[in-house]
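[1] My questions concern the predicted model and sequence given below.
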Amino acid sequence: MAFTMLQLTRHGEGAHVVELALDRPAAMNAISTAFAEEITAATAELAADPSVRAVVVTSTHPKAFCVGADLKERNGFTDAQMMEHRLVTRKAYRGVLDLPVPAVAAVEGYAMGGGMEIALSCDLVVAGEQATLALPEVGVGVIPGGGGTQLLTRRVGWSRAASMIFTARRLTGAEAHALGAVDELATPGAARARALEIAAQIARNSPVAVRNAKSAMRLGMGTDLAAGLEIEDGAWRATAFSGDRREGVAAFAEKRTPQWPGA
């Protein structure tokens, strides 16, 4: 599919890392209905591509990762249109969250509301020290609806998430890192390079093992320990009898770099 508000770029040896760049610069990547539809389509395309081993979500705008919902578009909505828009945007956030491979967000500039939720939907978040992150929705009469109430709470705990969401306060990248909402801090302008470096490191590992590890972690997170261990065992079995496992053991014994079959 051809995209008008996204750029997809392959990186690294084997082109196994895909950079998904938000590219609606005139609106600082505000999430309109059409933009959300493109994100849904792009993530579905990446999820279906077995050659993809890691995704890095970036922005082409130097001062904004994504400023959140397109409030100019929403301002003219009827209640029925608002509900239709909700269904579209929810698919976009889930598209990022449900990627079967690790996703790394590279945040520079503003990551507000839905923009921060796109980052939280990724597995890892790298942010520039001077980035600005916030879930300010209660200040305009709504709540974080792209996963923010759930994902931030799971990352940082109830009280820290409550403080950020209830006050609608803005955090610098450094403050968000201290809170636990950001996994790694980068010097200003270096978040993208660092996120691509992390993704390249991920892509060197067994794609079968990485996908199954992510699946086990995500599925087990919503269960008790006993159920989680059963999920892990199923993922282990799916990996242990794969071609990747056989290649990994052979490469280790022969002291060479694995050539993963990816199956």
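    Okay, I see it.
[2] going forward, measure contacts and count neighbours with C-alpha atoms only.
    Will do.
[3] domain ranges for the chain?
    For the chain, automatic domain parsing gives the domain ranges 6-203, 207-254.
[4] quick one: which of the ones you listed is nearest residue 261?
    Judged by CA to CA, the one of the domains of the chain that comes nearest to residue 261 is domain 207-254, at 5.9 Å.
[5] what is the mean pLDDT for the closest one?
    Summarised as a single mean, pLDDT over domain 207-254 is 97.
[6] Then stretch 27-34?
    Here the average pLDDT along stretch 27-34 is 97.
[7] which other residues reach it?
    22-24, 59, 61, 63-70, 73, 85, 88-89, 114-115 (CA atoms under 8 Å, 6 or more residues apart in numbering).
[8] Count the neighbours of residue 147 for me.
    19 (other CA atoms under 10 Å).
[9] again but with residue 204, I slipped
    19.
[10] Any idea how many residues pack against residue 66?
    32.
[11] packing partners for the helix ranked longest in the chain?
    Ranked by residue count, the top helix of the chain under DSSP state H comes out as helix 79-97. Contact here means 3 or more CA pairs under 8 Å, 6 or more residues apart in numbering; DSSP states H and E; on that basis helix 79-97 packs against helix 33-47, helix 114-120.
[12] Low-confidence regions, the chain specifically.
    By pLDDT under 70, the chain contains no weakly predicted segment.
[13] can you give me the helices in it?
    Counting by DSSP H, the helices of the chain are 33-47, 71-74, 79-97, 114-120, 148-156, 158-167, 173-179, 191-203, 207-221, 225-240, 243-254.
[14] about what we covered before: among the contacts of stretch 27-34, name the buried ones.
    Buried by 16 or more other CA atoms under 10 Å: 22-24, 59, 61, 63-70, 85, 88-89, 114-115, out of those.
[15] My understanding was that residue 169 contacts residue 134; is that so?
    Yes. Between residue 169 and residue 134 a contact is recorded at 6.2 Å, counting by CA atoms under 8 Å.
[16] roughly how far is stretch 202-220 from the heart of the chain?
    Using CA atoms, centre = their mean, to the nearest Å, the distance from the centre of stretch 202-220 to the centre of the chain it belongs to is 15 Å.
[17] Send over that stretch as PDB, restricted to the C-alpha atoms.
    Output of stretch 202-220 as PDB, limited to C-alpha atoms (Å, rounded to 0.1, in the frame of the first residue of the first chain):
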ATOM      1  CA  ILE A 202      17.300  -7.300  18.400                       C
ATOM      2  CA  ALA A 203      17.300  -8.300  14.700                       C
ATOM      3  CA  ARG A 204      20.500 -10.200  15.000                       C
ATOM      4  CA  ASN A 205      18.800 -12.700  17.300                       C
ATOM      5  CA  SER A 206      16.500 -15.600  16.300                       C
ATOM      6  CA  PRO A 207      13.300 -14.200  14.900                       C
ATOM      7  CA  VAL A 208      11.300 -17.200  16.000                       C
ATOM      8  CA  ALA A 209      12.700 -16.900  19.600                       C
ATOM      9  CA  VAL A 210      12.100 -13.100  19.800                       C
ATOM     10  CA  ARG A 211       8.600 -13.300  18.500                       C
ATOM     11  CA  ASN A 212       7.700 -16.200  20.900                       C
ATOM     12  CA  ALA A 213       9.300 -14.400  23.800                       C
ATOM     13  CA  LYS A 214       7.300 -11.200  23.100                       C
ATOM     14  CA  SER A 215       4.100 -13.300  22.800                       C
ATOM     15  CA  ALA A 216       4.800 -15.100  26.100                       C
ATOM     16  CA  MET A 217       5.500 -11.800  27.900                       C
ATOM     17  CA  ARG A 218       2.400 -10.000  26.600                       C
ATOM     18  CA  LEU A 219       0.000 -12.900  27.100                       C
ATOM     19  CA  GLY A 220       1.400 -13.700  30.600                       C
END
